[in-house]
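*Asks:* how would this look folded up:
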Amino acid sequence: MLSSSTIRSRPARRPALLLLLLGLLLAPTACGPGAGPAGSAATRTPDAVEPLPGAPAPQLPATVASADGHQVTVTSADRIIPLNGSLAELVFSLGLGPRVVARDVSTTFRQAAELPVITQAHDVSAEGVLSLHPTVVLADRSTGPAEAVAQIRAAGVPLVVLDDAKQLADVGPRIDTVAAALGIPDAGRQLKERTEQRTGEARAALPATHRHPRVAFLYLRGSASVYLLGGPASGATSLIEAVGGEDAGKAAGLTGDFTPLTSEALVKAAPDAILVMSKGLDSVGGVDGLLKLPGVAQTPAGLDRRVVSVEDGQLLSYGPRTPQVLREIAAQLYPAGAE
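*Replies:* Reported below is the predicted structural model:
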């Protein structure tokens, strides 16, 4: 496990994704008493992906531009290793799941459960990756350490780096890049169209309301006493705004990704609802435990016990399951019968 000081010591890694990986290391625990409807089985979506019909046949070789400046030529997609859960979700959704030979700790969906894990804590093990003889490796800018990425590439394995996904607008280009690298651009177009259609449907299903509830995204890791308030670069702003909300951290003038959670920061943010990852909520003892953190009980969200909980592996993935995430947030933010 990493401490908060370790997080601060790695400015080159995007903290939002690093924190997501940290949250996924928590052992599952039951929600504390008084958790209410937040993240209940009635609102959580199954932790599984939906592949496109059929199995696309890669047309290779294919050469793509890697986000770190390299031109990468992929000659085989027989043994694929995606180095985070978001990329694994894309590969499985495109229909190439049977070709994936390993996963990292943030790949939690059901179809990948039996794959070997090639990370040590949150860091990629180059030795673990190379021992599985991949024909292509997919990473993004938050993947590290840099030495491991360089070692994989130096071994002659085609390694494609993608820009990090931080908002809804990043989903389509991310699908295009992965599909092109794997030699299945037609499947990429199908998946992008399906995802865009479902995203539009999820947004169209939002209740008609003139209210724009303020939603604070909190990162919680009770076992390490790490409690953070998300700002405009946390990765959650786009989701909050897509369901008609206002990012409380952004509205309060925060900059960057996260700031330590304090009573003063929460009073200024004044959220009507709090968005959390499910394991993070579990780690503090459910909603009752959350209300004991500095300032939470004094906010409108705390007074109303209005907490929105989404599975760690899905919330910030920005991929084919993002429409499900939008529906899940909306269902908890605007419960049926509420004014």
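*Asks:* please count neighbours and contacts with C-alpha atoms only from this point.
*Replies:* Will do.
*Asks:* residue 301 contacts residue 307, correct?
*Replies:* Yes. Contact between residue 301 and residue 307 holds when scored by Cα atoms under 8 Å: they sit 7.1 Å apart.
*Asks:* what is in contact with those two at once?
*Replies:* Here residue 301 and residue 307 have 273-274 as joint contacts, going by Cα atoms under 8 Å, 6 or more residues apart in numbering.
*Asks:* any stretches of the protein with poor pLDDT?
*Replies:* Flagging of the chain using pLDDT under 70 yields the residue ranges 1-46, 121, 337-339.
*Asks:* give me the number of residues near residue 169?
*Replies:* Residue 169 has 11 neighbours, counted by other Cα atoms under 10 Å.
*Asks:* my bad, should have said residue 284
*Replies:* 22.
*Asks:* ok so, going back, between residue 301 and residue 307, which one's more packed in?
*Replies:* Taking other Cα under 10 Å, residue 301 and residue 307 do not tie; residue 307 has more neighbours (26 against 22).
*Asks:* look up phi and psi at the more buried one.
*Replies:* The phi/psi pair for residue 307 (degrees, to the nearest 10) reads phi -130, psi 130.
*Asks:* who's it bridged to?
*Replies:* Taking DSSP bridges as the rule, residue 307 bridges to residue 274.
*Asks:* hmm, it is touching residue 276, no?
*Replies:* Yes. With contact defined as Cα under 8 Å, residue 307 reaches residue 276; the gap is 7.5 Å.
*Asks:* now the helices: where do they sit in the stretch 1-150 of the chain?
*Replies:* Assigned by DSSP state H, counting those that start in this stretch, the helices in the stretch 1-150 of the chain fall at 4-8, 15-24, 85-93, 126-131, 146-154.
*Asks:* for residue 91, what are its contacts?
*Replies:* 82, 97, 100, 178.
*Asks:* separation between the nearest residue to residue 296 once chain neighbours are set aside and residue 103?
*Replies:* Distances taken as Cα to Cα, 6 or more residues apart in numbering put residue 302 closest to residue 296, at 5.4 Å, once the chain neighbours are dropped. Shown here: residue 302 relative to residue 103, a distance of 37 Å by Cα to Cα, to the nearest Å.
*Asks:* neighbour count winner among the two?
*Replies:* residue 103 (25 against 22).
*Asks:* for that one, name its beta-bridge partners.
*Replies:* Taking DSSP bridges as the rule, residue 103 bridges to residue 117.
*Asks:* that one and residue 81 touch, don't they?
*Replies:* Yes. Applying Cα under 8 Å as the test, residue 103 and residue 81 come out as touching, 6.8 Å apart.
*Asks:* what do those two both touch?
*Replies:* residue 88.
*Asks:* assign a three-state SS to residue 259, would you?
*Replies:* State at residue 259, reduced to three classes by DSSP: H, G, I helix; E, B strand; the rest coil: strand.
*Asks:* switch to numbering from 163
*Replies:* Renumbered: residue one is now 163, and that last one reads residue 421.
*Asks:* what residues sit buried inside the lengthiest helix in the chain?
*Replies:* Longest helix in the chain by number of residues (criterion: DSSP state H): helix 347-366. If you call a residue buried by 16 or more other Cα atoms under 10 Å, then helix 347-366 has these buried ones: 347, 349-351, 353-354, 357-358, 360-361, 364-365.
*Asks:* now, the most widely separated pair of these?
*Replies:* Greatest spacing in the buried residues of helix 347-366, by Cα to Cα: 347 and 365 (26.8 Å).
*Asks:* rewinding a little: tell me what the longest helix of the chain is packed against?
*Replies:* Judged by 3 or more Cα pairs under 8 Å, 6 or more residues apart in numbering; DSSP states H and E, helix 347-366 is in contact with helix 333-343, helix 484-495.
*Asks:* for the protein, longest strand please?
*Replies:* Ranked by residue count and defined by DSSP state E, the top strand of the chain is strand 376-383.
*Asks:* what's the following helix or strand after that strand?
*Replies:* For strand 376-383, the succeeding helix or strand toward the C-terminus, using DSSP states H and E, is strand 388-392.
*Asks:* what residues does the helix or strand following that following strand touch?
*Replies:* The C-terminal neighbour of strand 388-392 among helices and strands, as given by DSSP H and E, is helix 399-404. Counting by Cα under 8 Å, 6+ apart, helix 399-404 makes contact with 328-330, 365, 377, 393, 408-409, 412, 488, all of which sit outside it.
*Asks:* can you tell me which of those residues is closest to residue 298?
*Replies:* Nearest to residue 298 out of the contacts of helix 399-404 is residue 328 (Cα to Cα; 24.0 Å).
*Asks:* who's in contact with that closest one?
*Replies:* Contacts here follow Cα under 8 Å, 6+ apart; on that basis residue 328 touches 395-398, 400, 478, 480.
*Asks:* got JSON lines for these, with neighbour count and distance to residue 451 too?
*Replies:* Compiled in JSON lines, these are given as follows (neighbours: other Cα atoms under 10 Å; distance: Cα to Cα, whole Å):
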{"residue": "395", "neighbour count": "20", "distance to residue 451": "26"}
{"residue": "396", "neighbour count": "27", "distance to residue 451": "23"}
{"residue": "397", "neighbour count": "24", "distance to residue 451": "24"}
{"residue": "398", "neighbour count": "26", "distance to residue 451": "22"}
{"residue": "400", "neighbour count": "20", "distance to residue 451": "27"}
{"residue": "478", "neighbour count": "26", "distance to residue 451": "23"}
{"residue": "480", "neighbour count": "28", "distance to residue 451": "29"}
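*Asks:* many thanks, we can stop here.
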